[in-house]
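1. Sequence first, then the predicted structure, then my questions.
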Amino acid sequence: MSRGKGTPHPGEWIRHQTVTKPRAAADRTLWLGADCSNGVEQFALFAVAGCSRARARFKSIAAGTLAFYFVQPDGVTRYAAGNPSTVAVTANTETTIDTANVYGESWCIVAFTPSASQVASITLFDFMAL
């Protein structure tokens, strides 16, 4: 990620990535193949500094809601305002959530709250930012 001002060099852009096993429990409880429990939120933290847009593509065996939150510089505390609207996830149907307004934010969280418990529930979880 660029540390200077302006748009990062294309080699520093965040590429399309499939979200797999967690790097650390503190920054990711949601990934491809993860189990889910009814009503228990799962999330993944992403660095978006220098980006102008972000999108998550998501599919789960369980229905629920998908949310996108910007996070304070501590990488933990979520902002209450200025986040895209939460979207409903229909079981076994691809869903997207995105924003064209990153506006200099450094971190974001994509969070899924299922309405049923399933083993290996998450069948698609890709994150893109530019």
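-> Good, I have the coordinates.
2. Find the centremost residue of this structure, please.
-> A centroid search over the chain (Cα atoms, centre = their mean) returns Val110, at 2.6 Å, as the residue closest to the centre.
3. And it, which helix or strand is it part of?
-> strand 107-114 (DSSP states H and E).
4. Which other helices and strands does the helix or strand of the chain with the lowest mean pLDDT contact?
-> Every helix and strand of the chain was ranked by mean pLDDT, DSSP states H and E. The lowest is strand 17-18, at a mean of 84. Packing partners of strand 17-18 (3 or more Cβ pairs under 8 Å, 6 or more residues apart in numbering; DSSP states H and E): strand 122-129. C-beta coordinates here come from the backbone N, C-alpha and C atoms, glycine included.
5. one step back: the residue nearest to the centre of the chain is in contact with Leu66, isn't it?
-> Yes. Assessed by Cβ atoms under 8 Å, Val110 is found in contact with Leu66 at 7.0 Å.
6. Need the overlap of contacts for these two.
-> Common neighbours of Val110 and Leu66, counting by Cβ atoms under 8 Å, 6 or more residues apart in numbering, are 56, 58, 97.
7. Same list, the residues you listed, but as CSV with secondary structure please.
-> Converted to CSV, those look like this (DSSP: H, G, I helix; E, B strand; the rest coil):
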residue, secondary structure
Ala56, strand
Phe58, strand
Ile97, strand
